[in-house]
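S.K.: need coordinates for the following:
(chains A and B)
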Amino acid sequence: MTAYDWKKRREGKAYLALENGEVFRGYSVGANRDMVGEAVFNTGMTGYQEILSDPSYAGQLVCLTAPEVGNYGLNAADMESRDFFLSGLIVNRVSDPSSWRAEESLPAALEKRDVPAIAGVDCRALTVMLRDRGSQKAFLCASGAVPEGEGIARARAWEGLEGRDYVKKVTCGERYAWDSDNRLTASYPLEDCILPPAEFTVVAYDFGVKWNILRGLRRAGMQVTVVPAATSAGDALALAPDGVFLSNGPADPAGVLYAARAVEKLLGRIPVMGICLGHQLLGLARGGKTYKLPFGHHGCNHPVKDLVSGRTLITSQNHNFAVDADSLDAAKTAITHISLNDGSLEGLRCLDVPAFSVQFHPEAAPGPHDANPLFAAFRTLIEDAG
Amino acid sequence: MPKRDDIKRILLVGSGPIVIGQACEFDYSGAQACKALREEGYELVLMNSNPATIMTDPELADRTYIEPMTADFAAEVIRRERPDAILPTMGGQTGLNIAMDLHKGGILFDYGVEMIGATPEAIEKSEDRGLFREAMRRIGLNVPESGSARTLEEAMAVRNRLLTWPVVIRPGFTLGGAGGGIARDQEEFERLAARGLAASPASEILVEESLLGWKEFEYEVMRDRNSNNVIVCTIENLDPMGVHTGDSITVAPAMTLTDREYQLLRDASLAVMNEIGVDTGGANVQFAVNPENGRMVVIEMNPRVSRSSALASKATGFPIARIAAKLAVGYALDELLNDITRATTACFEPALDYVVVKAPRFNFEKFAGTSTTLGTQMKSVGETMAIGRTFKEALQKALRGLETGRAGFGLDGKDGDFLSMPREKLAAEAARPSDVRVFALAAALRLGFDVEELHRITSIDRWFLREMAEIVAFSGHVRENAVTLEDLAGDVPLFRQAKAMGFSDRQLAQLYARDENEVRNARHAVGLRPSFQLVDTCAAEFASLTPYYYSTYASGVSASLPDPGGDLGRIMILGGGPNRIGQGIEFDYCCCHASFALRDAGWRTIMVNSNPETVSTDFDTADVLYFEPLTLEDVLEIHHRERPGGSIVQFGGQTPLNLADSLAANGVRIIGTPPASIDMAEDRKLFGDLMDRLGIRQPAHGMAADIDEALEAAKIAGYPVLARPSFVLGGRNMVIAHEAAALRRYMLELRDVSRDRPVLIDHYLEQATEVDVDCLCDGTEVVIGGMMEHIEIAGIHSGDSACALPPPNLAGEVMDRIRRHTRDMALALKVRGLMNVQFAVQREDIFVLEVNPRASRTVPFVSKATGVPLAKLAALCMAGWKLGDLGFAAEPRPRHYSVKEAVFPFNRFPGAAIKLSPEMKSTGEVMGIDRFNGAAFLKSQIASGNRIPEGGNIFLSLKNSDKAMAVPLARRLLQLGFTIYATRGTSTAMRDAGLPSHALFKISRGRPNALDLMAEHSVEWVINTIEIGSEPAVDESRMRSQTYVNSIPITTTVNALEAALAGLEFLRRHRRLEVCSLQEYNRRGTGVKLPKNGSRPTNARRRDGDG
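M.R.: Numbers count the residues shown, from 1 in each chain, chains lettered A, B, ... in the order given. From the prediction side, this is the model:
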């Protein structure tokens, strides 16, 4: 009979304590440490590696509703950033990988990157709770060293994400040129693709940027220079780019008002595109307000209506905050996209200056590629501005 | 306005009879489409030859044509109805083929009918292998290297160009890959290529590079007029390429793709949709992926709803056919509501937080001599679907849901054969795809084969094999950590984990050599029960209003039941599980009708079923749906949660009936006819006594537990005898023995005969006419629903026999006696609901052959023929209504004739003997309906694919006892203009009577013979009668096989020949067969008044239970 470590796997007891006093018990499948964070759920059925390596999840304990996780392992080509930035992972179960692309198993990757994870949790029950009561502050105990009561107390005592600057934890230390040898951009399944010549240059603010955004810009013919989040508008413009890109990133836009001020200064002087947190910052720069959604949008199946074309895009999303559509000056800012699920604002375009942004993720990774053409739209914006 | 108002009347084309590869999933799709279109106010004209469908219920369309599914008849319907549009995408391959024929024949153009849902160009591009390859190349997608061929020579040339073995042969335009195969060498290639060319209506085959062992995926796509696209579901086949998808165990969502690969296939699916030109509707795209390097190849796409789309709908909750119908009339996806959440739109991609496993159900045991090896041609007759939180749980549930006696993934004491095999033999069984391969894998894992070794010999992905290995290993772990059942009960986390891995109580009982009931009691004693979770399309992101549940042990908290709303009583209806020969759509039809009628009358209905192809498992058929295996354990857990006031077991065929006693013993209140009456009807002694008391004759009979007893019983009953095991459905293993030697041989072959499971021996009534009666009884009143005269003589299974309603040849006095007998039996058996009786009429004498106090296979046919909804009335009787109150007081007397004909799958089972016998072999049925009996019969033959020609060459060969009839029949045939070829004996008899004919050799004697004629395509009709039940001679077997291979109509009884002659003579006089709708046939009304809006009778309240 096949050697079977069922019992061994379940030796490391772990639990997730929520601020509302609920405790979900399971076993540890990651690093042997404890973390506080905001518990959120993601309904994607594939793409756990992209989720793990998406810096926007910094500060969060991510519950995957996918029933089986780990099936295809992890590989270097599917990384979305240099590390895993989330606080912890919550899954139903983890299995060993079977894929020609697999380079390491999920538990090994989590351990290597020091991220705690819990399996054996009824993720559906947790998801229903988060849906009904909203995102929860939570404490993930994988060390086995903290009693549950104290775990709940730690969850409650945690400061939370609102108003916090998590961007500084994930942004790059210094400016760098993205993938100057095209190695990362032209990875599977596009080995054979010939990248178009880079005709434009773009400065990308790294609030926690996903690499597939940078790949998307490059594939649309733009050479990208990535700069730290705190880079001033003047320093960015001093690089003489053809456009500025505002990336996705973690937590609350209200925690990074310095970035919103930089955006304000950039608008009108150079074409700007924003994604996710970058979209919220553009919204703030336009005088809008942001607010927290009850449990956010995290998944690969979010329908977004493009009000210009009338088409609906199935998009990848990952955000807890949104721009309040009513807070924008309709004379200056057009709403271009809305969520078909809850009607929230998903995209805007400035009418007076060359800038647009979307709340969802056209770079996908993970998720459908429906919104991919938006990178080409940015290029067009640059061309038209030039 | 989102929907089109330039079309008013739409013709929907169904898929015809249930055949392998095209089963009741198309009734499910079609019924959804009917409802969706009428909801939008369109006038709906429906065409389908299959009376056992919900879609042909008269209330689902404005006019329903039960006519043969051919372009000719469709053209007649179009001439008569002048529809504005035709929707061909709901009727499977049949629907597309008919629509394409109408298009090519100019009918659509002539009558200004627009094809909606798919364009002829798109259908052509997806169906024509060459065009499809070209299209795929244009968008940069790989297709398997291949070439098409119209002759054997061309096929060889293509093969030589490919340079590899094996190669796949796929005939164009056939269902479920009929006539295809995998050739490993030249000899096999020539044989399969010839068969494929014959099977293809276009005489075209594709010879293709083999992708054996590659991973196989399906993407279910929807697209609307605004080019919005969604992937409803992805399905991964556990069995790698080489096994037809319909025969594979499949899993949703896809399990082994990284997001990049998943999205790559998604992009490819959308590109395919776009390139093929599917403007609106659903389609599926199949891919093969090389597990070594990810190379992706497009296999095929179907621009219509399919078996997979039905599965995808049930797996996700997304009603593909319903939405596709709305898209076809102009809606966009974002204008339609998600019917499950009723809060979000249909423009989204369902997220699953559970795993779905589909397992195919086979019936190889009915086709002795055929190979059980699976290949590219579909052979399964049904399927079951199971939902679990993990793959393991879902797999085990699916395997017990197959109802093949297995309790899960092996470990149930039934793998003795595999476990005792030499290692090499077991390895070969694990490597060979077959109906039982999955159990060979379980046995191999138990015997220490490791995952790598099994992967090498099966190419099944390691992920699935590892999961399977863990199931097997876990059973060892349980045994080590809990030596007794009591130990297990003392370790609840371990117990729960075992249940969460899908172990059934029966498997655990086997592990501890205990009884299933003991395991259940131990489990309940520690409070271990499954939770019930929602299939909600969105992984709990939004609250869902549709109560569609599955059970799991991986979660402790059940989704709450919706408010039952006032004092509504609850009634649970147990479905029939996976389709199989003898238990198919007819029973699902009855379950659906029970739910419809009871809901209308104010009950809350609970449907339990595991068959994804059915209407019963549609989300809005019952108030609450449980997609669960129909085993005692699973049903009792649902019962515990719902506490229904009554449960109905008499509509789902043998599956729920077999559970009735143990359910009742566990506190389930069965309503309707008492289970004891059903047992009584099955018990020869008790039933014999009852018949004696009622003065009704039965054929002499006996019972036997061994060979000696059988021979003794046969001597008393008198040869020939009909022998069959007790408690079987569809006449499994029935035989007619003309002498002791045959009976001895039969008894030796039978397994599991014992005192508790005896063999039944009946005197066989030769040359008798069989009569089927369906009646309703409310406990005091009995009303006959319909009386059917069989066209085949008694001895052929009633499910395989053509029959006519009303009986064309029975004397009034005989019918009256049959009515009296029926009434006496129904009252004596305390029937409350439906009862079916089979009589044999031998000259003036009437014998009862069989009584089934439950829904029978003929109920939908009778309901369509008479316009009386028998199953609905029966359900209401069970719930306490009186027939008088329902307006059903007298036997309906239709003025038209309805003929039911069976449809057989012999072309799927090469090598199997083609003969009709007491063992049921048909998969489906068609109905011919006309004001004239002969015309109705002719239509039934055309509809069943047995298109009897109006002239030409025929081959006539009659058995000895029919020879006397030869001359008069031959004379009528000659008068119709046929040229007769006959074997020497028949030919001589004709010459003596002065009738011309051509003499042929017997096949084994010389040439020219009938086979030569068929090979030259110079015979249009074969009439060949043989003794019932006797083994057909070698000659006959070869001849019958040849008729199926060459699609030559064959008539096998004199009665059927007579009916055909009547039809042909009718046609000669009237020149054409007319079409007419069911609503017109039954326009006089039936007087039946079904209760609406909760008007339950007061005497029914006591049955409400605690609802």
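S.K.: in the stretch 201-350 of chain A, what residue lies closest to chain B?
M.R.: The stretch 201-350 of chain A approaches chain B most closely through residue A:301 (4.0 Å), counting by CB to the nearest CB. Using the backbone N, CA and C atoms, a C-beta is placed for each residue, glycine as well.
S.K.: what distance do you get for the closest residue in space to that residue that isn't next to it in sequence to residue A:300?
M.R.: Leaving aside its sequence neighbours, residue A:301 sits nearest to residue B:349 (CB to CB, 6 or more residues apart in numbering or on different chains; 4.0 Å). Distance check for residue B:349 against residue A:300: by CB to CB, to the nearest Å, it reads 7 Å.
S.K.: picking up where we left off before, tell me the secondary structure for the residue nearest to residue A:301?
M.R.: At residue B:349, secondary structure determined by DSSP: H, G, I helix; E, B strand; the rest coil is coil.
S.K.: quick one: neighbours of it, just the number.
M.R.: 26 (other CB atoms under 10 Å in any protein chain shown).
S.K.: follow-up on the earlier one: so where does the residue of the stretch 201-350 of chain A closest to chain B fall, helix or strand?
M.R.: Element membership for residue A:301 (DSSP states H and E) is strand A:290-306.
S.K.: which strands border that strand, and is each parallel or antiparallel?
M.R.: strand A:312-323 (antiparallel), strand A:333-339 (antiparallel) (DSSP bridges).
S.K.: pull out the buried residues from the helix or strand of chain B with the lowest mean pLDDT.
M.R.: When the helices and strands of chain B are scored by mean pLDDT, DSSP states H and E, helix B:1034-1045 comes last with a mean of 73. For helix B:1034-1045, the neighbour count (16 or more other CB atoms under 10 Å in any protein chain shown) marks B:1035, B:1036, B:1037, B:1038, B:1039, B:1040, B:1041, B:1042, B:1043, B:1044, B:1045 as buried.
S.K.: again with stretch B:645-656
M.R.: B:645, B:646, B:647, B:648, B:649, B:650, B:651, B:652, B:653, B:654, B:655, B:656.
S.K.: next one: stretch B:947-965
M.R.: B:947, B:948, B:953, B:954, B:955, B:956, B:957, B:958, B:959, B:962.
S.K.: tabulate those residues (TSV), appending distance to residue B:26 and pLDDT.
M.R.: Below are the buried residues of stretch B:947-965 laid out as TSV (distance: CB to CB, whole Å; pLDDT from 0 to 100):
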residue	distance to residue B:26	pLDDT
B:947	22	89
B:948	26	92
B:953	36	94
B:954	34	94
B:955	35	92
B:956	37	91
B:957	37	86
B:958	38	83
B:959	38	81
B:962	39	82
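S.K.: chain A: which of those is nearest?
M.R.: Nearest to chain A among the buried residues of stretch B:947-965, with distances taken as CB to the nearest CB, is residue B:947, at 47.0 Å.
S.K.: and stretch B:108-126, end to end?
M.R.: One end of stretch B:108-126 sits 20 Å from the other (CA to CA, to the nearest Å).
S.K.: would you mark the buried spots in that stretch?
M.R.: So, applying 16+ other CB under 10 Å, buried residues of stretch B:108-126: B:108, B:111, B:113, B:115-120, B:122-126.
S.K.: and what of stretch B:840-849?
M.R.: B:840, B:841, B:846, B:847, B:848, B:849.
S.K.: need the CA coordinates for stretch B:920-939. CSV is fine.
M.R.: Extracted C-alpha coordinates of stretch B:920-939, given in CSV (Å, rounded to 0.1, in the frame of the first residue of the first chain):
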residue,chain,number,x,y,z
MET,B,920,-35.2,-5.9,-22.7
LYS,B,921,-32.5,-4.4,-25.0
SER,B,922,-34.0,-1.2,-26.2
THR,B,923,-32.8,2.2,-25.0
GLY,B,924,-35.7,4.2,-26.1
GLU,B,925,-39.0,4.5,-27.8
VAL,B,926,-40.9,6.5,-30.5
MET,B,927,-44.5,7.0,-31.1
GLY,B,928,-46.4,7.1,-34.4
ILE,B,929,-49.8,8.7,-34.3
ASP,B,930,-52.4,8.9,-37.0
ARG,B,931,-56.1,8.6,-37.6
PHE,B,932,-55.3,5.3,-39.4
ASN,B,933,-53.7,2.4,-37.7
GLY,B,934,-51.5,1.4,-40.6
ALA,B,935,-50.2,4.9,-41.0
ALA,B,936,-49.5,5.1,-37.3
PHE,B,937,-47.5,1.9,-37.5
LEU,B,938,-45.6,3.1,-40.6
LYS,B,939,-44.8,6.4,-38.8
